[in-house]
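*Asks:* Sequence and computational prediction follow.
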Amino acid sequence: MSLDDPYERFAWLHPPHLGGWEYLVAYRSRHLWTVYHETYTLCAGVDLWGQSWRYRGRIHTRGGPGMMLMEPGELHRTLAVPNGAAFKVAQIPPTAVEAAARELGILGGVHLAQADTDDPELTAAVWRLGEAAEHGGVEPLELQTMQAAVLRQLLAHAERPPRPAKVCDEPAAIGRARDYLHGHLFERISLDELAAVAGIGRFRLLRAFHRRFGVPPHAFQTQIRIEHARELLRNGMAAALVASEVGFYDQSHFIRHFKKIIGVTPREYAR
């Protein structure tokens, strides 16, 4: 979709596994937006030099890469985009932010203390989720893990941020999550589903799982899928059939993950 310039490119994305989140991706954009927000809206850009906008009665200007932060019930108006911009915008339903806040121990409403931030972790988290939504082929568990990262980083910018989390290994809960991943190896499970099996909240699960295994649950699932794929290849199954057999989204994603972990393609490994 082009608005002002034939070189601009826009796309609205509605991934089914993101629970009502919407995404806007834009490239080479000079469009001057005027938008009323009913969501928590996060605009991550890598080339926002000189971009200015009016929000909450003040004019704000970005001096480089970073993030615009907007709340429900507010309107922002872009005043200038001097050089065009590439950005990714996450629009998060208030219910998702409120649920995450409760889970992280924030009581009451979530008010953002700033209109923009240089926070590299939040910017990167929004950008990664935008790329996953744009290119597709990502499992629900991985997408929802990316969402959780965005929410956790966003809430660090609330006027009342989450209290520091206690370090806890949660061995029984992590054991239940691990066993469930093994037992549902070929299924597309959700983060909420895995947290329910573990018996702890999403954020505690992700933190404790990573502390125990060094990777998040979706990466652990990928590892055990690849191990099962190696067994099938050694037993003579054609490489073209293995991807669907072990639950990968498609052949290209299977090959990409296999080569990243094993160092060679499935065909090369089979030979």
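*Replies:* All right, it came through fine.

*Asks:* what are the ranges of the strands in the stretch 51-200 of the chain?
*Replies:* Shown for the stretch 51-200 of the chain, the strands assigned by DSSP state E, counting those that start in this stretch span residues 52-55, 58-61, 66-70, 74-80, 85-92, 116-117.

*Asks:* Which among those strands is found nearest to residue 126?
*Replies:* Nearest to residue 126, of all these, is strand 85-92, at 5.2 Å by C-beta to C-beta. No exception for glycine: its C-beta is placed from N, CA and C like everyone else's.

*Asks:* Give me the helices and strands touching the closest one, please.
*Replies:* Using 3 or more C-beta pairs under 8 Å, 6 or more residues apart in numbering; DSSP states H and E, the elements in contact with strand 85-92 are strand 22-29, strand 40-45, helix 120-135, helix 140-155.

*Asks:* Most tightly packed of these?
*Replies:* strand 40-45 (a mean of 24; mean count of other C-beta atoms under 10 Å).

*Asks:* neighbouring contacts of that one?
*Replies:* The list of residues contacting strand 40-45 from outside it, by C-beta atoms under 8 Å, 6 or more residues apart in numbering, reads 35, 51, 62, 65-72, 85-92, 94, 97, 110, 112, 122-123, 126-127, 130, 150, 154.

*Asks:* make it 6 Å
*Replies:* Residues from elsewhere that reach strand 40-45, judged by C-beta atoms under 6 Å, 6 or more residues apart in numbering: 67-68, 70, 85, 87-92, 97, 123, 126-127.

*Asks:* so where's the stretch 1-150 of the chain uncertain?
*Replies:* 1-6, 46-49 (pLDDT under 70).

*Asks:* at 80 instead, please
*Replies:* Applying pLDDT under 80 to the stretch 1-150 of the chain flags residues 1-8, 15-17, 46-50, 63-65, 82-85, 107-108, 136-137.

*Asks:* Mind splitting the protein into its structural domains?
*Replies:* Annotated domains of the chain cover 9-155, 171-214, 219-270 [automatic domain parsing].

*Asks:* Make a markdown table out of those domains and add distance to residue 163.
*Replies:* Shown next, in a markdown table, are the domains of the chain (distance: least, C-beta to C-beta, whole Å):
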| stretch | distance to residue 163 |
| --- | --- |
| domain 9-155 | 5 |
| domain 171-214 | 12 |
| domain 219-270 | 28 |
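
*Asks:* The contacts of strand 40-45: which two are farthest apart?
*Replies:* So, these by C-beta to C-beta: farthest apart are 85 and 97, at 25.1 Å.

*Asks:* any idea how far residue 242 is from residue 70?
*Replies:* 45 Å (C-beta to C-beta, to the nearest Å).

*Asks:* returning to what we had before: okay, the contacts of strand 40-45 in a markdown table with distance to residue 174 next?
*Replies:* Below are these laid out as a markdown table (distance: C-beta to C-beta, whole Å):
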| residue | distance to residue 174 |
| --- | --- |
| 67 | 32 |
| 68 | 37 |
| 70 | 37 |
| 85 | 42 |
| 87 | 37 |
| 88 | 32 |
| 89 | 35 |
| 90 | 29 |
| 91 | 33 |
| 92 | 28 |
| 97 | 27 |
| 123 | 30 |
| 126 | 28 |
| 127 | 29 |
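
*Asks:* Out of those residues, the closest to residue 25 would be?
*Replies:* Of the contacts of strand 40-45, the one sitting nearest to residue 25 (C-beta to C-beta) turns out to be residue 88, at 5.1 Å.
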